[in-house]
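Visitor: Generate a structure from the sequence data that follows.
(chains A and B)
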Amino acid sequence: DAGVIQSPRHEVTEMGQEVTLRCKPISGHDYLFWYRQTMMRGLELLIYFNNNVPIDDSGMPEDRFSAKMPNASFSTLKIQPSEPRDSAVYFCASSLASGGYNRGSDTQYFGPGTRLTVL
Amino acid sequence: AQSVTQLGSHVSVSEGALVLLRCNYSSSVPPYLFWYVQYPNQGLQLLLKYTSAATLVKGINGFEAEFKKSETSFHLTKPSAHMSDAAEYFCAVSPRGSNYKLTFGKGTLLTVNP
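Guide: Next up, the predicted model:
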């Protein structure tokens, strides 16, 4: 398997522009997660989906951020309008629920990340 | 709310020396615990995880971690460091049950000196 695929790997944009980050999870996985990594705040969970349905978006910082998962093999994270403080590395991760007694402990597989710079 | 604290943002060891990376968690109920590694310009990769079985967990690349409930700790160790172990290491916690939210520590950067 190719693993989690993210595009673009690098994005440089100007303040006020719309930015769309893309993610293709591992085939067959039913959970998808979006994280943001910054020096100041570390790694933060933004939102996660189960079977394409958003389950928890409490980590989404503002209304400028939105995420969608139109099908099991694709998700987007959109920032509109972008601001310099949005500069970070954004990771997508996916996992397969094992069920049973230890459900919730499933391994999350991370993509390589998108480094976003907003000027 | 659960949280995890990694003591030491930067640890430096010599090649062949013991690696010890510290992690303490805060939770009223023993959670699931994880160690992830991040190599430069890459995503995170799972090293090992504690669910509810043995308290000593063995992971990839010779790493292991011991869950100690009395100390609320889950420290990561490796008997002999290798140059290829240089990376950033993250401890993470998630609550038991169907909640899949991982909370990460701030990370510890491991440097291995020749």
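
Visitor: How about the backbone phi and psi for B:N61?
Guide: Here is the backbone geometry of B:N61 (degrees, to the nearest 10): phi 60, psi 30.

Visitor: now it: how far from A:L119?
Guide: The spacing between B:N61 and A:L119, counted by C-beta to C-beta, to the nearest Å, is 39 Å. Every residue, glycine included, has its C-beta placed from N, CA and C.

Visitor: quick one: which of the two has more around it?
Guide: Between B:N61 and A:L119, B:N61 has the larger neighbour count (other C-beta atoms under 10 Å in any protein chain shown), namely 13 against 10.

Visitor: how close does the more buried one sit to A:M39?
Guide: Using C-beta to C-beta, which is the criterion applied here, B:N61 is 26 Å from A:M39.

Visitor: neighbouring contacts of stretch B:72-85?
Guide: Stretch B:72-85 is contacted from outside by B:13-27, B:33, B:35, B:47-48, B:50, B:61-68, B:89, B:91, B:110, B:112, B:114, using C-beta atoms under 8 Å, 6 or more residues apart in numbering or on different chains.

Visitor: Any buried residues in it, and which?
Guide: Residues of stretch B:72-85 classed as buried: B:72-76, B:78, B:81, B:85 (neighbour count, 16 or more other C-beta atoms under 10 Å in any protein chain shown).

Visitor: quick check, nearest of those residues to A:A97?
Guide: Compare each of the buried residues of stretch B:72-85 with A:A97 using C-beta to C-beta and the shortest gap goes to B:F74, at 23.0 Å.

Visitor: can I assume the closest one sits in a strand?
Guide: Yes: when the secondary structure is assigned by DSSP: H, G, I helix; E, B strand; the rest coil, B:F74 falls within a strand.

Visitor: Which strand residues bridge it?
Guide: When assigned by DSSP bridges, B:F74 has beta-bridge partners B:F67.

Visitor: Spatially central residue for the chain, please.
Guide: In the absence of a named chain, this looks at chain A. By C-alpha atoms, centre = their mean, the mean C-alpha position of chain A lies nearest to A:W34, the distance being 2.3 Å.

Visitor: let's do chain B instead
Guide: Nearest to the geometric centre of chain B sits B:W35, at 3.4 Å (C-alpha atoms, centre = their mean).

Visitor: Report all helices and strands that the helix or strand where that one lies contacts.
Guide: B:W35 is part of strand B:32-38, with elements assigned from DSSP states H and E. For strand B:32-38, the elements it packs on are strand B:19-26, strand B:44-50, strand B:64-68, strand B:73-78, strand B:87-94, judged by 3 or more C-beta pairs under 8 Å, 6 or more residues apart in numbering or on different chains; DSSP states H and E.

Visitor: Point out where chain B drops to low pLDDT.
Guide: B:98-99 (pLDDT under 70).

Visitor: separation between the closest residue to chain B within chain A and A:L32?
Guide: Taking C-beta to the nearest C-beta as the measure, chain A has A:F110 as its residue closest to chain B, at 3.3 Å. A:F110 is 11 Å from A:L32, where distance means C-beta to C-beta.

Visitor: Show me the common contact partners of these two, please.
Guide: Applying C-beta under 8 Å, 6+ apart, one finds that A:F110 and A:L32 are jointly contacted by A:92-93.
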